[in-house]
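> below are the sequence and a predicted model; questions follow.
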Amino acid sequence: MTIRLTMSFKNAADRTSSYTVDDPRADISETEVQAVMDDMILKNIFNTSGGDLKSIASAKVTTTSIDQLI
């Protein structure tokens, strides 16, 4: 089973840029994720082809389960 946190932002060109974290803490809260995303925007630590990150678009945790048949 794979668990992934995907954080999506709107950049200066109004395009979406996403960053993923594999195996986030099971008890991670919306407040913690929002704080990290706000900090990423404030500190301007990522470059995108569409310019600086400007706002939060979404955040989600995805769980993928694979059942191998053969």
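Yep, it's here.
> ok, which stretches of this protein are helices?
With helices called from DSSP state H, the chain shows them at 30-43.
> could you point out the longest strand of it?
Secondary structure of the chain per DSSP state E: the longest strand is strand 53-64.
> quick one: average pLDDT of that strand?
Strand 53-64 comes out with an average pLDDT of 97.
> cool, stretch 26-40 as well?
96.
> so which residues make contact with it?
5, 7, 9, 19, 46, 53, 56, 59, 61 (Cβ atoms under 8 Å, 6 or more residues apart in numbering). For glycine as for every other residue, the C-beta is placed from the backbone atoms N, C-alpha and C.
> can you give me the neighbour number for the residue nearest to the third one when sequence neighbours are not counted?
For residue 9, ignoring the flanking residues on the chain, the nearest one in space by Cβ to Cβ, 6 or more residues apart in numbering is residue 53 at 4.4 Å. By the other Cβ atoms under 10 Å criterion, the neighbourhood of residue 53 contains 24 residues.
> before we move on, back to that, show me what the longest strand of the chain is packed against.
Strand 53-64 makes packing contacts with strand 2-11, helix 30-43 when contacts are defined by 3 or more Cβ pairs under 8 Å, 6 or more residues apart in numbering; DSSP states H and E.
> just how off-centre is the longest one within its chain?
Put plainly, it is helix 30-43. Relative to the centre of its chain, helix 30-43 is centred 10 Å away, using Cα atoms, centre = their mean, to the nearest Å.
> same thing with the shortest one?
Remark: strand 2-11 is offset 2 Å from the chain centroid, using Cα atoms, centre = their mean.
> between that strand and helix 30-43, how big is the angle?
With axes from the mean of the first three to the mean of the last three Cα atoms, to 10 degrees defining the directions, strand 2-11 sits at 40 degrees from helix 30-43.
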